[in-house]
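[1] Provide a 3D model corresponding to the input given below.
(one chain, ligands or ions: 1)
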Amino acid sequence: MIAFQDPLGQLPPQASTFAADHDALFYFLTWVSIGSFALILGLLTYSCVRWRRKTPDQPAASDVTHNTKLEVVWTLIPAIIVIVVFAWGFKGILPQQIAPADARKYRAEAYTWAWELYHPGATKSAGELWFEVDKPARVELTSRDVLHAFFIPAFRVKRDIVPGFRNQIWFQPTLIGDYTLFCAEYCGDQHSMMHRVVHVVDAATYVKEPWAALPETPEARGEYFFNMKGCLACHGTKADSPDPIGPTFFGIYGRKGRLSDDSEYTADEAYIHESIREPQKKIVKGRAPVMPPFDATSLSEEDVNDIIAWMKTLK
Ligand SMILES: [Cu+2]
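    Okay, here's the model as predicted:
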């Protein structure tokens, strides 16, 4: 591993063992690009001025059509640069392919437009991820629906998540702090909502399993799940929230309306519970059946009750 610091301070903090080498290659590519751009443009400008035709009837100054030596040089130098870039990138990407045997096994399931994030051995998903500093971690990646991608810029790692395909990614965080996990594959309307906080903590904090801690009151927990489970991608919380996909939760508890079969519904506890677990069972008139179901591994019975408790406060 080489120690390379970002000279312009333009990149995210180097928070994994892969980061320094990645940044060195990034700056190599940048400077080579700037250098060749300046060289080519400079030569072109110089030639245009130096060899321009000064009078309309001036004869050609030279009848040279090619120069083998020059052509070999300007083919060989770029070829060598391309080979260096390939070898450097290949050498950097190889160790990213196979996780060390002692890497902790996490799991991330992506769907439009949220993440289910599982810590090692957990059966219930968490809203954010916690990693221990200087310990390798491996994340198994699956998608419920369309293409997504797991991207943590501070770790300099990114991998596509392909539906029907088990992919994985690994890294070793080296810097305590809070970073961001993004979806890096455009996956529809609310793609930009697919970001989560990723914490790198010391061993003493990690053993306390901070991911299990939840807000204290049912209403606060309900709002937490609303933010973490992707509800906010389609549902607003204000009276005038735009609602192109799902209804706003403002004043939703107790609301009456018509379903697609013209029967009447009241948004009571049982109705909201069913709408979370089996959203396709009853579709409100004029709405598209686009809401994904949330089963018990995603939201427990208590979690659903917390969400309903929080909904009751929105009025
Ligand atoms: Cu996405």
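[2] show me what from the stretch 101-250 of the chain comes close to the ion.
    148, 183, 187, 191, 194 (CB under 5 Å from the ion). C-beta here means a position set from N, CA and C on the backbone, and glycine is covered the same way.
[3] rerun that using 8 Å as the cut-off
    Residues of the stretch 101-250 of the chain found near the ion (CB under 8 Å from the ion) are 110, 112-113, 146-149, 183-188, 191, 194.
[4] tell me which of those fall in strands.
    The members of those that map onto strands under DSSP state E are 110, 148, 149, 183.
[5] settle this for me: the third one is touching residue 185, isn't it.
    Yes. Between residue 149 and residue 185 there is a contact under CB atoms under 8 Å: 3.8 Å.
[6] who touches both of these two?
    With contacts taken as CB atoms under 8 Å, 6 or more residues apart in numbering, residue 149 and residue 185 have 160, 161 as neighbours in common.
[7] hang on, the earlier thing: can you redo the ones in strands among the residues of the stretch 101-250 of the chain next to the ion as TSV with neighbour count?
    Output for these, formatted as TSV (neighbours: other CB atoms under 10 Å):
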residue	neighbour count
110	25
148	31
149	21
183	23
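[8] pick out the most distant pair among these.
    110 and 149 (8.3 Å; CB to CB).
[9] can you pull out the helices in the stretch 101-250 of the chain?
    203-206, 218-228 (DSSP state H, counting those that start in this stretch).
[10] what are the contacting residues of the first one?
    Residues lying outside helix 203-206 but in contact with it, judged by CB under 8 Å, 6+ apart, are 130, 131, 132, 133.
[11] what strand or helix carries the residue of the chain most remote from its centre?
    The C-alpha centroid of the chain is most remote from residue 57, which lies 62.7 Å away (CA atoms, centre = their mean). Taking DSSP states H and E as the definition, one finds residue 57 inside no helix or strand.
[12] got the phi/psi numbers for it?
    When read as degrees, to the nearest 10, the backbone of residue 57 gives phi -100, psi 10.
[13] after the biggest helix by length in the chain comes which helix or strand?
    When the chain is parsed with DSSP state H, its longest helix is helix 19-50. Using DSSP H and E, the helix or strand that directly follows helix 19-50 along the chain is helix 68-93.
[14] can you check the distance spanned by stretch 51-65, start to finish?
    For stretch 51-65, the first and last residues are 15 Å from each other (CA to CA, to the nearest Å).
[15] again with stretch 110-127
    12 Å.
[16] quick one: buried residues of that stretch?
    Of all the residues in stretch 110-127, those buried under the rule 16 or more other CB atoms under 10 Å are 110-119, 125-127.
[17] so for it, mean pLDDT?
    Stretch 110-127 shows a mean pLDDT of 89.
[18] again, but for stretch 80-97
    Across stretch 80-97, the average pLDDT comes to 94.
[19] buried sites along that stretch?
    Quick answer for stretch 80-97 (16+ other CB under 10 Å): residue 96.
[20] cool, stretch 232-243 as well?
    232, 233, 234, 235, 236, 237.
[21] which residues touch the third one?
    This points to residue 234. 113, 190, 245, 246, 290, 291.
[22] hang on, the second one packs against residue 111?
    No. Using CB under 8 Å, residue 190 is not in contact with residue 111; the gap is 11.3 Å.
[23] leaving out sequence neighbours, find the closest residue to residue 140.
    residue 107 (4.7 Å; CB to CB, 6 or more residues apart in numbering).
[24] sorry, back to before: top of the contacts of residue 234 by number of neighbours, please.
    Counting neighbours by other CB atoms under 10 Å, residue 113 comes out on top of the contacts of residue 234 with 22 neighbours.
[25] return the backbone torsion pair for it.
    According to degrees, to the nearest 10, residue 113 has phi -130, psi 70.
[26] which residues touch it?
    Residue 113 sits next to 183, 187, 188, 189, 190, 191, 193, 194, 230, 233, 234 when contact means CB under 8 Å, 6+ apart.
[27] same thing with residue 294?
    By CB under 8 Å, 6+ apart, the residues touching residue 294 are 229, 276, 277, 304.
[28] next, give me the two most distant ones among these.
    Top of the distance list for these (CB to CB): 229 and 277, 12.8 Å.
[29] who has more neighbours, the two?
    residue 229 (21 against 16).
[30] for that one, give me its contacts.
    If you count contacts by CB under 8 Å, 6+ apart, then residue 229 has 114, 127, 294, 298, 299 around it.
[31] farthest-separated two in those residues?
    Maximum distance among the contacts of residue 229 (CB to CB): 13.5 Å, for 127 and 294.
[32] return the most buried member of the helices of the stretch 101-250 of the chain.
    Stretch with highest mean neighbour count among the helices of the stretch 101-250 of the chain: helix 218-228 (a mean of 19; mean count of other CB atoms under 10 Å).
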